[in-house]
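Student: Show me the folded form of this:
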Amino acid sequence: MAHSVRSTFKRTVTLAATFALLAAPLQAIAQTPVPAAPGQNANPPAAGSPGVMLPAPPTPSPSINPPPAPGPMAGGGPGSIADLAEGLLDAVVNISTSQSVKDQGAGPQPQIQEGSPFQEFFEDFFDGQGKNGNQKVSSLGSGFVIDPSGYVVTNNHVIEGADDIEVIFPNGMKLKAKLVGTDTKTDLSVLKVEPKAPLKAVRFGDSRRMRIGDWVMAIGNPFGLGGSVTLGIISARGRNINAGPYDNFIQTDAAINKGNSGGPLFNMRGEVIGINTAIISPSGGSIGIGFAVPTELAENVVHQLTEFGETRRGWLGVRIQPVTDDVAASLGLDKARGALVSGVVNGGPIKNGEIKAGDVILTFDGQSVNEMRDLPRIVAESPVNKEVDVVILRDGKQQTVKVTLGRLEDSAEPEEEDDQPALPEGQGENKAPDNNAPGDQKGELNQDPAAAFGMTLAVLDEDRRKSFSIVESVEGVLITAVAPNSPAAQKGLKAGEVVVEVAQDFVESPADVVKRIAVLKSEGRRNAHVMVSDPSGNLRFVALPLE
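Tutor: Sure, this is the predicted structure:
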């Protein structure tokens, strides 16, 4: 009986609540004033008066797509780039290449037991194809039109070694292309097609004006899917990924995948500010780290390839190495900057000693050389035969010299680091015999390692020159031995090398070296700036600690 009462009570409460909820809108409708029709009383009797009936509330119809909420939406994301992309898609093309490669067989085969019923099947599958002649290999990439007459830019690695190159346009048109010119150092190539009507083209912008965080848009042919648009920002500038001597890449998180190579990277004005070239990816797909050649480097290369079919770069003709913190301190620089000249190429543009080994190039043609790797790029971008001002540090003082640039031929190397890495203890030592004991009458000197950095030094006479196979052009003080774990050993110095200068002063005897070290210590120097030559005459600089 109690259960029945509780149930009846609950039903009564539920019904009462329902009527209360329904009553609220009904009451609101009843209290809403209704505009009077012409000729009617503007103030009708109140609800509930005799003879007054309320109209039934309209039944709302169900809506699948209700009207939007009033007011602006917060956090709607960046503005649409649809209009921008629509105007650029027709200028971005797919590059299809094919080449014949010599058949190398199918590679290693699975081991099938002799007489197995599957033996014939596997032999046919792995060896039956490609036995007669070459195979055709195809690849896909991207490119973009820079001139309505049919000039197309892409990456060199997209078309390298191709027998046939075909440019495929967004409307399906296919045109055979010929290679106008290519530059392996920047991985850029220019193609030419012959269209029946002018093509949609895009223009270069100035990548120097782009900042980290600026929006960019990439268009290309990822995985052969055709024109695809991705959006991102510039993540970094001036990246060196060891792809070539002029690395200065733009890094972006706009999705770049296989097949995007050679495609354009646009700013929000629709200008090309980079050519997509490389990605970092463990899987082959985009992880948000892509690299583009900036137009500050690419535009001049493209124009030269279009005009001459080759690049014509400036050349200074020097060997350089980085300015380390130790070297900067030994030279009196405020910080590590510039490019240290370790040698001058014979027959190069430097003919009258305008630049010498030991100079530090601080600015070139008005552009600061912040790091060693800046100099080759700046020189290469300069016109051939141009006279430029070069600010150098020599003997602790800055001075400006004038140099007329030569042309970098394909066979010549650009200004590059003089690669002389330090060797681990016991490796790379010259094993030529040395029959002279330390302190002998021929001028050999083995000073306290703290004073002479652990080097055993000797006068470079004819006998020692022959013993260590040192060329005639090298002059200085011979290193006949290096103590293990000494400062000299840690800097990679070894027997058979020659100390040419100490603190930019030429030395002829071991006593000269010891004297110069003593002077530097008395001046409170922390490092000794030493020019060293290998037996072949290649120079480099090391900073040996005096503390």
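Student: Buried residues in the helix or strand harbouring residue 177, which are they?
Tutor: Assigned by DSSP states H and E, residue 177 falls within strand 174-183. For strand 174-183, the neighbour count (16 or more other Cβ atoms under 10 Å) marks 175, 177, 179, 180, 181, 182, 183 as buried. C-beta: built from backbone N, CA, C; applies to glycine.
Student: for stretch 483-490, same thing?
Tutor: 486, 487, 488, 489, 490.
Student: so who does the residue nearest to the spatial centre of the chain touch?
Tutor: Nearest to the centroid of the C-alpha atoms of the chain, with distances taken as Cα atoms, centre = their mean, sits residue 249, at 3.2 Å. Contacts for residue 249 (Cβ atoms under 8 Å, 6 or more residues apart in numbering) come out as 238, 239, 240, 241, 243, 277, 278, 291, 292, 293, 294.
Student: buried subset of the residues you listed?
Tutor: Using 16+ other Cβ under 10 Å, the buried members of those are 239, 243, 277, 278, 291, 292, 293, 294.
Student: For the first one, name its beta-bridge partners.
Tutor: Listed by DSSP bridges, the beta-bridge partners for residue 239 are residue 249.
Student: pretty sure it contacts residue 291?
Tutor: Yes - the pair residue 239 / residue 291 is scored as a contact, 6.2 Å apart, by Cβ atoms under 8 Å.
Student: Now tabulate the buried ones among the contacts of residue 249 in a markdown table and tack on secondary structure, pLDDT and distance to residue 336.
Tutor: Listed next are the buried ones among the contacts of residue 249 as a markdown table, based on DSSP: H, G, I helix; E, B strand; the rest coil; pLDDT from 0 to 100; distance: Cβ to Cβ, whole Å:
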| residue | secondary structure | pLDDT | distance to residue 336 |
| --- | --- | --- | --- |
| 239 | strand | 89 | 20 |
| 243 | coil | 76 | 24 |
| 277 | strand | 91 | 29 |
| 278 | strand | 87 | 28 |
| 291 | strand | 93 | 26 |
| 292 | strand | 94 | 28 |
| 293 | strand | 94 | 27 |
| 294 | strand | 95 | 25 |
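Student: Which of these sits closest to residue 467?
Tutor: residue 243 (42.8 Å; Cβ to Cβ).
Student: ok, that closest one to residue 396 distance?
Tutor: Remark: distance between residue 243 and residue 396 (Cβ to Cβ, to the nearest Å) = 37 Å.
Student: what about the helices in the stretch 301-450 of the chain?
Tutor: 325-331, 374-381, 449-452 (DSSP state H, counting those that start in this stretch).
Student: so what does the strand or helix carrying residue 532 touch, helix or strand wise?
Tutor: Using DSSP H and E, residue 532 maps to strand 527-533. When contacts are defined as 3 or more Cβ pairs under 8 Å, 6 or more residues apart in numbering; DSSP states H and E, strand 527-533 sits against helix 325-331, strand 498-502, helix 510-522, strand 539-545.
Student: one more time with 6 Å, if that's ok
Tutor: helix 325-331, strand 498-502, strand 539-545 (3 or more Cβ pairs under 6 Å, 6 or more residues apart in numbering; DSSP states H and E).
Student: ok, and for stretch 310-317, which residues are buried?
Tutor: Quick answer for stretch 310-317 (16+ other Cβ under 10 Å): 311, 313, 314, 315, 316, 317.
Student: about what we covered before: what mean pLDDT does the strand holding residue 532 have?
Tutor: For strand 527-533, the mean per-residue pLDDT is 85.
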